[in-house]
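>>> here's my sequence, what's the structure:
(chains A and B)
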Protein chains: 2
Amino acid sequence: VVEENWESMSETELADRIREFDVLVLSRQPNVPRELAANPGNLKYINYMHGGVKGNIGLPFIQSPIKVTNWGDHTGVELSEGALALLICCLKDVHHRIMRIREGMPRDAPKISSVGGRINGLRVGVYGYGLAGKAFVRMIDALGADVRIFDPYAKDLPESCTRVDSLEELFDDIHAIVIHAALTGETRHSVSKELLAKLPDHGIVVNTARGAIIDQEALFAELKSGRLRAGLDVLDPDHLPVDHEARQWENLIYGNHCFSQSKSFPGEERLERNQEVMLENLRAFAAGEPLNYVITEDKFKLMT
Amino acid sequence: VVEENWESMSETELADRIREFDVLVLSRQPNVPRELAANPGNLKYINYMHGGVKGNIGLPFIQSPIKVTNWGDHTGVELSEGALALLICCLKDVHHRIMRIREGMPRDAPKISSVGGRINGLRVGVYGYGLAGKAFVRMIDALGADVRIFDPYAKDLPESCTRVDSLEELFDDIHAIVIHAALTGETRHSVSKELLAKLPDHGIVVNTARGAIIDQEALFAELKSGRLRAGLDVLDPDHLPVDHEARQWENLIYGNHCFSQSKSFPGEERLERNQEVMLENLRAFAAGEPLNYVITEDKFKLMT
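Predicted structure coming up:
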C-alpha cells in the first residue's frame, strides 16, 4: 500500500495508519511518530531507504523490538566511487589540464606541466573504515595503492593494509588523505592545520564525507598557496558562494555532492542500490530470515 | 659505461664501439647500426628502455641470436591508469562540471545536470588485450564492471570476462568502449561510423592507444551533436589545432597524451617502471636467468 496523503495527516492519524501494517517503508519523509515505539500495533519492521535515521526515526525505535534497517552499503558504493574519481582527478590535475586544453596550446608549446602521480604505489591514508571506507579500500587496494587506515572503531582490516593508531600517525609519510569518517564531536575539525602541514608538497586531500571534519580555513590557505591539491565533494558550509575565488583554483575539484551521487546509466531500468537493499530485506522479512543492515544502538550512536 | 658522444660518431664508429660490450642499453636513440646483427662482436643483448623497437632496432636483430627486450609492461601500467582516469572523467562528466562550478551557481539553482553512470555494473567493451588491455581489465574487473573483450590474438582471458568474436559483437549492448589495440592495417579506422552508431546515447569512447584506430570524423560528429561522450588521449593527427572547436566540447576530455604519461609523485626517488624492468633484466642476464619481455618475431610483427 502506498500512502500518498501522509502530508495532510496529523501525527496521531499517521500513527494510526502505520499501526495497520507489519512493515513501514519510507525514505527521508515523514518523521515516524514517536508514540509508535511504545505502541506499535502491527508494526514490526521499519525499512528506511535512506541513510542516517537519527532525524526521522528516534532512539526509542532502535531500543524497541521493532527492527529498523537502512540503505546499507548504498552510499558505500556511491561515496567510494566518488572518492576514487576525485582522487584520480587530483592525480591527473584534471582541472588544470582542462583549462589549458580549452585555452589552446600551440604544437611546439611545452607539454602541460603537471604534478602527476599515479595510484599504483600511491601511499593513501584512509580516515574512517565504515561502509564507504571499506568499499573505497577494496577498490584502491586492487589498483595497487599502499593503504593505511585509521579507525579506532574498526575491527578487521584487510591484511594488505596497515592499521595506524592515531590521526597524527596516519598523516605521516602519505601522498593522499581520503576521508570516510562520520561527523561527530570527535571528528569535527580533526583534520587540522597541523595535520595538513604534514602532507608533502602537492599532497592530496579527498573528502566525500562531511565538510566540517576538515579545518577548512587551513585547507583553503594551503590550496590558495598552491601547495596542496584537493577533491572536495563536501564543504562547510556546503555551498561555495557564487563568486568565491576557490571556484577558480585549478588545484581544487569542487564536486558539490555530485561526484558521490552517481546515477545509473541513462535509459537503464536498473535499480539503485538502496532499492535493491530494500527489496532484499522485504523478502528476508517475509521469509523470516535475518535482515541486513539492522540499526543497532551502537550504530545509531555513531550516526550523524 | 655511458657513451655520451654517440651523436658525433659515424654509423661504423658506433658499431665498433658497441661491439666492445656484451650488453647495449638504450632508449629511443640512437638507431642501432644494422651491420651489428650479422657481426655483433661481443654484443649478446640489447636492453631497450622504450616500447616499439621497429624504428631503432630492425628485424635482423630479432632474427639473430642477440636477445632484445623492451620496457615490458611499463606502458601497461601507464596506459591502463590513463584509460581508467578518462573513463571515470567521462562517467562523472568532469569537463562539464568544472565549467559549471567555475561559472558559479546560485544556491537554489538546479543541481548540475549530469548524465552520470558508475563503474560498478558498467558494461565495458575492451578492444585489445595486450599488456595495457590486461592491466586495464584487471583494474575495472576489481571495480565491479561487466567486462567483455575482443582480441583475436589473446589466448587466456580472465574467467570473469566475456570473450566476443568480432568488433561488431563487442559494440552490442555496452556502455563504454575502451581501446587498447595496436595500430595495424587491420585496426586502422576499425572503430567505424557504423560501430559508433551502435553505442547507446551518452555512451563513452576511451582511447589511449592510437588515434587512427577510430574513424575520427565520425566520432567528432557524434561528440559535436552531444550524443556520445569521449576521453581521448590520442588523436589522428595527434595534435588538435589551437582554435579547434573540439577543445570546448564539454562531453570530451582531450588528454593530449598526458593522462597516460603519469609521473611518479613529485619529490619521490622512485624508479619509473621501465627503469625497474631494465634493471631486473640486466640482473637476470648477468645471472644467466631467462629475460622478461623478449621481443620475438611474432611480437615484432604486431608492433607499430
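>>> does chain B sit close to the longest helix along chain A?
Counting residues, the longest helix found in chain A (DSSP state H) is helix A:74-91. Yes - remark: helix A:74-91 sits within contact range of chain B at A:77, A:78, A:81, A:84, A:85, A:88, A:89, A:91, by CB under 8 Å from any CB of the partner chain. The way it works is simple: take the backbone N, C-alpha and C, and place the C-beta from them, glycine included.
>>> all helices for the stretch 51-200 of chain A, in order.
For the stretch 51-200 of chain A, helices defined by DSSP state H, counting those that start in this stretch occupy the ranges A:59-63, A:74-91, A:94-103, A:131-142, A:167-170, A:193-198.
>>> just name the most buried of the ones you listed.
helix A:74-91 (a mean of 26; mean count of other CB atoms under 10 Å in any protein chain shown).
>>> for that one, packing partners?
Judged by 3 or more CB pairs under 8 Å, 6 or more residues apart in numbering or on different chains; DSSP states H and E, helix A:74-91 is in contact with helix A:131-142, strand A:176-179, strand A:204-207, strand A:229-232, strand A:252-254, helix A:273-287, helix B:74-91.
>>> now for the nearest residue to residue A:147 once chain neighbours are set aside: which residues touch it?
Computed as CB to CB, 6 or more residues apart in numbering or on different chains, the closest residue to residue A:147 that is not its neighbour in sequence is residue A:161, at 4.3 Å. By CB atoms under 8 Å, 6 or more residues apart in numbering or on different chains, the residues touching residue A:161 are A:126, A:137, A:141, A:147, A:148, A:149.
>>> how does it look with 10 Å?
Counting by CB atoms under 10 Å, 6 or more residues apart in numbering or on different chains, residue A:161 makes contact with A:124, A:126, A:129, A:137, A:140, A:141, A:145, A:146, A:147, A:148, A:149.
>>> residue A:158 contacts residue A:149, correct?
Yes - because the distance of 8.6 Å satisfies CB atoms under 10 Å, residue A:158 is recorded as touching residue A:149.
>>> these two - which one has more neighbours?
residue A:149 (22 against 13; other CB atoms under 10 Å in any protein chain shown).
>>> you'd agree residue A:14 is up against residue A:36?
Yes - using CB under 10 Å, residue A:14 is in contact with residue A:36, at 9.0 Å.
>>> more neighbours: these two, which one.
residue A:36 (24 against 21).
>>> lowest-pLDDT helix or strand in chain A?
Every helix and strand in chain A was compared by mean pLDDT, DSSP states H and E; the lowest is helix A:297-302, with a mean of 82.
>>> and the strands in the stretch 101-250 of chain A, which stretches?
For the stretch 101-250 of chain A, strands defined by DSSP state E, counting those that start in this stretch occupy the ranges A:123-127, A:146-150, A:162-163, A:176-179, A:204-207, A:229-232.
>>> buried sites along the second one?
For strand A:146-150, burial by neighbour count (16 or more other CB atoms under 10 Å in any protein chain shown) applies to A:146, A:147, A:148, A:149, A:150.
>>> ok, stretch A:213-226 next?
For stretch A:213-226, by 16+ other CB under 10 Å, it's A:213, A:214, A:215, A:216, A:218, A:219, A:220, A:222, A:223.
>>> what is the nearest of the residues you listed to chain B?
Set against chain B, the nearest of the buried residues of stretch A:213-226 by CB to the nearest CB is residue A:223 (14.0 Å).
>>> isn't the closest one up against residue A:251?
Yes - between residue A:223 and residue A:251 there is a contact under CB under 10 Å: 5.9 Å.
>>> pull up the overlap in contacts between the two.
Shared contacts of residue A:223 and residue A:251 (CB under 10 Å, 6+ apart): A:229, A:230.
>>> so where's the stretch 201-304 of chain A shaky on pLDDT?
The model of the stretch 201-304 of chain A has pLDDT under 70 over residues A:262-264, A:266-270, A:304.
>>> would you turn the helices of the stretch 51-200 of chain A into TSV with mean pLDDT?
Listed next are the helices of the stretch 51-200 of chain A as TSV, based on pLDDT from 0 to 100:
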stretch	mean pLDDT
helix A:59-63	91
helix A:74-91	90
helix A:94-103	93
helix A:131-142	92
helix A:167-170	97
helix A:193-198	98
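>>> ok, which of those comes nearest residue B:104?
Nearest to residue B:104 among these is helix A:94-103; the distance by CB to CB comes to 15.3 Å.
>>> the closest one and chain B in contact?
Yes - using CB under 10 Å from any CB of the partner chain, helix A:94-103 reaches chain B at A:94, A:95, A:97, A:98, A:99, A:100, A:101, A:102, A:103.
>>> so which elements touch that helix?
With contacts taken as 3 or more CB pairs under 10 Å, 6 or more residues apart in numbering or on different chains; DSSP states H and E, helix A:94-103 sits against helix A:74-91, strand A:229-232, strand A:252-254, helix B:74-91, helix B:94-103, strand B:252-254.
>>> now do it and helix A:74-91, the angle between them.
Counting by axes from the mean of the first three to the mean of the last three CA atoms, to 10 degrees, helix A:94-103 lies at 60 degrees to helix A:74-91.
>>> now do helix A:94-103: distance to the chain's middle.
How far helix A:94-103 lies from its chain's middle: 28 Å, per CA atoms, centre = their mean, to the nearest Å.
>>> got it, and stretch A:73-83?
With CA atoms, centre = their mean, you get 6 Å for stretch A:73-83.
>>> looking at the helices and strands packed on helix A:94-103, spot the one closest to residue B:204.
helix B:74-91 (4.5 Å).
>>> export the closest one as CSV, just CAs?
Extracted in CSV, the C-alpha atoms of helix B:74-91 (Å, rounded to 0.1, in the frame of the first residue of the first chain):
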residue,chain,number,x,y,z
HIS,B,74,55.8,-0.1,-18.4
THR,B,75,53.1,1.4,-20.6
GLY,B,76,50.6,-1.3,-19.4
VAL,B,77,50.6,0.5,-16.1
GLU,B,78,50.5,4.0,-17.6
LEU,B,79,48.1,3.4,-20.4
SER,B,80,45.6,1.5,-18.2
GLU,B,81,45.6,4.1,-15.5
GLY,B,82,45.2,6.8,-18.1
ALA,B,83,42.3,4.9,-19.6
LEU,B,84,40.7,4.4,-16.2
ALA,B,85,41.1,8.1,-15.4
LEU,B,86,39.5,9.1,-18.7
LEU,B,87,36.6,6.6,-18.3
ILE,B,88,35.9,8.0,-14.8
CYS,B,89,36.2,11.6,-16.0
CYS,B,90,33.6,10.8,-18.7
LEU,B,91,31.3,9.0,-16.3
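>>> what touches both of residue A:14 and residue A:36?
In contact with both residue A:14 and residue A:36: no residue, using CB under 10 Å, 6+ apart.
>>> re the thing from before, ok, the contacts of residue A:161 vs chain B, which is closest?
Closest approach to chain B among these (CB to the nearest CB): residue A:141, at 8.5 Å.
>>> next up, the contacts around that closest one.
Counting by CB under 10 Å, 6+ apart, residue A:141 touches A:124, A:126, A:147, A:158, A:159, A:160, A:161, B:142.
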